[in-house]
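**Q** kindly return the folded structure for what I paste below:
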Amino acid sequence: QVQLVESGGGLVQPGGSLRLSCTASSSIRNFNAMGWYRQAPGKQRGLVATITSGGFINYVDSVKGRFTISRDNSNNTVYLQMNSLRPEDTAVYYCSARPYLGSIFWGQGTQVTVSS
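**A** Numbering: from 1, shown residues only. The predicted model follows:
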């Protein structure tokens, strides 16, 4: 088991930036990949970005060039730097930890609202 705690969400104007953090209760080195997903009202949860234990990074096309995922193994923390935010980025953002075997672990989510 692992607990994932997200922080950094909030209200921001279009074009603004936010940095999300996800701190795990155990070493993130133990997981195959860490990631961020999001769920907007009335929509399914979808991938935003993932980073593997080997450092391979994947982004959904809609955030490429605007969002950056990174990890700090020494602090068991994963970050999502979000720049040039758009209203369509509004969603609840969830941190994920995918083990080598078994089901994905999820954080409780943090709300990001992009609005003027």
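
**Q** hey, let's count contacts and neighbours off CA atoms from now on
**A** OK.

**Q** next one: the spatially most central residue of the chain from D89, what distance?
**A** The residue lying closest to the centre of the chain (CA atoms, centre = their mean) is W36, at 2.6 Å. Note on W36: its distance to D89, by CA to CA, to the nearest Å, is 13 Å.

**Q** again with I57
**A** The value you get for I57 to D89, if CA to CA is used, is 20 Å.

**Q** between the two, who's got more neighbours?
**A** Each of I57 and D89 has its neighbours counted (other CA atoms under 10 Å); D89 has more, 20 against 16.

**Q** pretty sure the more buried one is in contact with V114, am I right?
**A** Yes - between D89 and V114 a contact is recorded at 6.7 Å, counting by CA atoms under 8 Å.

**Q** which element, helix or strand, includes L11?
**A** Secondary structure from DSSP states H and E places L11 in strand 10-12.

**Q** and that strand, what other elements does it pack with?
**A** strand 110-114 (3 or more CA pairs under 8 Å, 6 or more residues apart in numbering; DSSP states H and E).

**Q** the strand it packs on pairs with which strands?
**A** The pairing partners recorded for strand 110-114 under DSSP bridges are strand 10-12 (parallel), strand 91-98 (antiparallel).

**Q** ok, I57 - contacts?
**A** A49, T50, I51, I69 (CA atoms under 8 Å, 6 or more residues apart in numbering).
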